[in-house]
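Q: Sequence isn't available, so here's the structure alone:
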């Protein structure tokens with residue numbers, strides 16, 4: 001693990017010397033289970049990042065944690081290292097649903113995790129939940145939402161399970177062991193929207209809810225098409241219209257950064273039209289919508305169709321999804337940009 005952290009820092013130092021970054025608004029440690037890193041390596045990582053980049057007192061620094069893989073010592077290190085926001089991978093408060101997901105933690109671990117984080121001084125805690133899990137009932141989903149809100153997090157993410165290639169979930173779906181229900185998916189989405197907004201959380205992106213002032217700045221920057229730097233295997237970066245992706249294999253990644261400071265595998269120069277299409281796909285998921293200037297490549301009749309079906313509407317110069325359109329966001333994006 002120590003070599004991996006040093007590899008990340010080697011890449012960070014290389015990028016700092018070539019990109020000349022003057023301001024870092026957010027930093028995000030995720031993409032796996034970073035809470036498995038021992039506390040001393042978390043400290044080493046953030047000391048190195050602060051040395052390479054201008055992280056400020058108001059930089060939003062996030063980490064994803066699993067309730068089963070961290071404790072008091074780690075939480076104390078997070079706080080002392082300047083981490084200001086934690087995303088807790090709760091997923092569900094139902095033991096049966098957690099078992100289906102292959103999770104090793106239980107509802108008690110989720111409650112303990114939030115208590116440990118708060119005792120360490122971290123107040124900005126987001127709880128990640130999932131719905132449309134095989135075998136999950138509408139009642140179980142409501143109970144998870146209720147128990148999450150009862151813990152008073154600042155933010156809740158409610159994600160619909162997606163069946164990815166080369167996963168056991170997709171294999172079981174194809175074998176007929178699992179079944180998808182569009183009606184149940186829609187009911188769970190609507191239940192989350194109604195319940196969480198009635199408790200004062202703002203539904204500011206398709207899968208994300210926050211109390212005022214606790215929206216994820218990191219995610220907002222990504223959705224708004226700002227430049228970002230990714231470090232590590234498979235990490236993707238975009239800067240000044242140039243996008244690159246790192247080697248996915250960890251051993252090869254480390255060899256490359258030790259040899260030349262970076263591990264680029266794929267590089268693409270993006271056109272203005274490509275960036276506009278990406279902004280449509282990202283910003284249409286938010287409650288701010290997408291500005292008309294980014295829609296110049298979309299045939300007007302396609303936009304008119306979703307407005308006429310009451311799936312979207314114009315708010316000034318911004319096209320914003322409404323009602324059922326929020327549940328159909330992926331299909332609507334495909335309709336507009338493909």
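A: That came through, no problem. Nothing here was measured: the structure is a model prediction, and the numbers come from that model. Residues are numbered from 1 along each chain as shown.
Q: hey, where'd the helices end up in the protein?
A: 2-19, 39-52, 72-80, 95-100, 107-120, 138-150, 168-174, 182-198, 217-223, 250-260, 272-283, 300-308, 329-337 (DSSP state H).
Q: Against residue 5, how distant is residue 55?
A: 17 Å (Cβ to Cβ, to the nearest Å). No exception for glycine: its C-beta is placed from N, CA and C like everyone else's.
Q: Find me the pLDDT at residue 170, would you?
A: Looking at residue 170, its pLDDT stands at 66.
Q: How about residue 173?
A: Looking at residue 173, its pLDDT is 68.
Q: Just checking: what are the partner strands of the strand ranked longest in the chain?
A: If you go by DSSP state E, the chain has its longest strand at strand 55-65. Take DSSP bridges as the rule and strand 55-65 pairs in its sheet with strand 24-29 (parallel), strand 85-91 (parallel).
Q: can you list the residues that contact it?
A: 23-35, 46, 49, 74, 78, 81-89, 113, 216-218 (Cβ atoms under 8 Å, 6 or more residues apart in numbering).
Q: how about the most centrally placed residue in the chain, what does it touch?
A: The centre of the chain sits closest to residue 219, judged by Cα atoms, centre = their mean, with a distance of 6.5 Å. Counting by Cβ under 8 Å, 6+ apart, residue 219 touches 205, 208.
Q: Kindly report the same for the one 4 residues further on.
A: Residues in contact with residue 223 (Cβ under 8 Å, 6+ apart) are 205, 282, 283, 285, 286.
Q: If any of the residues you listed are buried, give me the ChimeraX selection for them.
A: Typed into ChimeraX, the line below selects the buried ones among those, using 16 or more other Cβ atoms under 10 Å:
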select :205,282,283,285,286
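Q: just the contacts of residue 223 now: which is nearest residue 261?
A: Distance to residue 261, by Cβ to Cβ, is smallest for residue 282 among those, at 29.8 Å.
Q: so the closest one sits right up against residue 222, yeah?
A: Yes - using Cβ atoms under 8 Å, residue 282 and residue 222 qualify as a contacting pair, with a distance of 7.0 Å.
Q: what's the most buried one of the strands paired with strand 55-65?
A: Highest mean neighbour count among the strands paired with strand 55-65 (mean count of other Cβ atoms under 10 Å): strand 85-91, with a mean of 25.
Q: any idea how far it is from the chain center?
A: Here the centre of strand 85-91 is set off from its chain's centre by 10 Å, with Cα atoms, centre = their mean, to the nearest Å.
Q: What angle do helix 72-80 and it make with each other?
A: 140 degrees (axes from the mean of the first three to the mean of the last three Cα atoms, to 10 degrees).
Q: pLDDT wise, what is residue 163 at?
A: Looking at residue 163, its pLDDT stands at 68.
Q: and the nearest residue to residue 337 once chain neighbours are set aside, how many neighbours does it have?
A: Spatial nearest neighbour of residue 337, excluding adjacent residues (Cβ to Cβ, 6 or more residues apart in numbering): residue 277 at 5.0 Å. By the measure other Cβ atoms under 10 Å, the count of residues near residue 277 is 20.
Q: Then residue 267?
A: Residue 267: 9 neighbours (other Cβ under 10 Å).
Q: same thing with residue 119?
A: Neighbour tally, residue 119, other Cβ under 10 Å: 12.
Q: And the one 4 residues further on, by the same measure?
A: When neighbours are defined as other Cβ under 10 Å, residue 123 has 15 of them.
Q: Dihedrals phi and psi, it?
A: Dihedral angles of residue 123 (phi, psi; degrees, to the nearest 10) stand at phi -100, psi -30.
Q: Which residues are in contact with it?
A: residue 154.
Q: lowest average confidence, helix or strand, in this protein?
A: Least confident helix or strand of the chain, by mean pLDDT, DSSP states H and E, is helix 168-174 with a mean of 71.
Q: on contacts alone, who are the packing partners of that one?
A: The helices and strands touching helix 168-174, judged by 3 or more Cβ pairs under 8 Å, 6 or more residues apart in numbering; DSSP states H and E, number zero.
Q: Just checking the distance from that helix to the centre of its chain.
A: Counting by Cα atoms, centre = their mean, helix 168-174 is centred 24 Å from the centre of its parent chain.
Q: Poorly predicted segments of this structure, please.
A: 163, 170, 173, 177 (pLDDT under 70).
Q: mind giving me the domain split of this structure?
A: Split into domains by automatic domain parsing, the chain comes to 22-223, 277-337.
Q: and the gap between the residue sitting furthest away from the middle of the chain and residue 281?
A: What lies farthest from the middle of the chain is residue 301; by Cα atoms, centre = their mean that is 32.3 Å. Note on residue 301: its distance to residue 281, by Cβ to Cβ, is 19 Å.
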